[in-house]
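*Asks:* sequence first, then the predicted structure:
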Amino acid sequence: PDWNPSLWSETFEDLVDDGGELDYGDSWTLNFNYSQTEQVSKEERKKGWKVCTHYTIGNFRCANCRRTWPSGRVNVLFRYRLRGRRGNVIMRPFGQACRRCHDVFLLPGFSKEIMKAALRKLCSKIRKNCYNEDEGDTPRDMVKKWTKPHETDLCEACEAGICTQRDD
């Protein structure tokens, strides 16, 4: 699947409204910002902003040469806060460049199951940091072993300095 922000929004809405992931009576929205960073300024912290990074499995398709490839190291950044009764999440997926074309970072596509797992992890962080709930068993990342070497020059998250490859 290709990058589909409306599917992310619908999945988030389903988990929050119907799935009971954030069952506190507050209104939560998911928006997108394709240039946000993991840096939270002192002013933003005072306004309640927090950050959650997540890596998962995704798929890419080059718009130039139509080459497709899977990746087990797709980074997603979430910023979130609760003010009053309104919660806001801002998401940024990080792209990868095509090995053949190298021209631009392409946005990833995700399966519905992968989206739900990433959003459940986010909801767990929100419950902990906005509602003081014990995190309990946080959903684990689905990929821990890498079969191919990480190509840092093709990774937008590496360029931004937040790639979780550095955690290994």
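*Replies:* Nice, I can see it.

*Asks:* contacts only, for residue 67.
*Replies:* By Cβ atoms under 8 Å, 6 or more residues apart in numbering, residue 67 lies in contact with 61, 98, 99, 100, 101. Where you see a C-beta, it was placed from the backbone N, CA and C, and this is true even at glycine.

*Asks:* export these as a markdown table, with columns for secondary structure and pLDDT.
*Replies:* Output for the contacts of residue 67, formatted as a markdown table (DSSP: H, G, I helix; E, B strand; the rest coil; pLDDT from 0 to 100):
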| residue | secondary structure | pLDDT |
| --- | --- | --- |
| 61 | strand | 95 |
| 98 | coil | 95 |
| 99 | coil | 92 |
| 100 | coil | 93 |
| 101 | coil | 91 |
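
*Asks:* buried subset of those?
*Replies:* The neighbour-count criterion (16 or more other Cβ atoms under 10 Å) marks 61, 98 among the contacts of residue 67 as buried.

*Asks:* just give me the closest of the contacts of residue 67 to residue 115.
*Replies:* Minimum distance to residue 115 across the contacts of residue 67 is 17.3 Å, recorded for residue 61 (Cβ to Cβ).

*Asks:* run a quick neighbour tally on the nearest residue to that closest one once chain neighbours are set aside.
*Replies:* Nearest in space to residue 61, with sequence neighbours left out and distances taken as Cβ to Cβ, 6 or more residues apart in numbering, is residue 68 at 4.7 Å. Residue 68: 12 surrounding residues under other Cβ atoms under 10 Å.

*Asks:* residue 68 contacts residue 59, doesn't it?
*Replies:* Yes: taking contacts as Cβ atoms under 8 Å, residue 68 lies within contact range of residue 59: 6.5 Å.

*Asks:* good, we can wrap up now.
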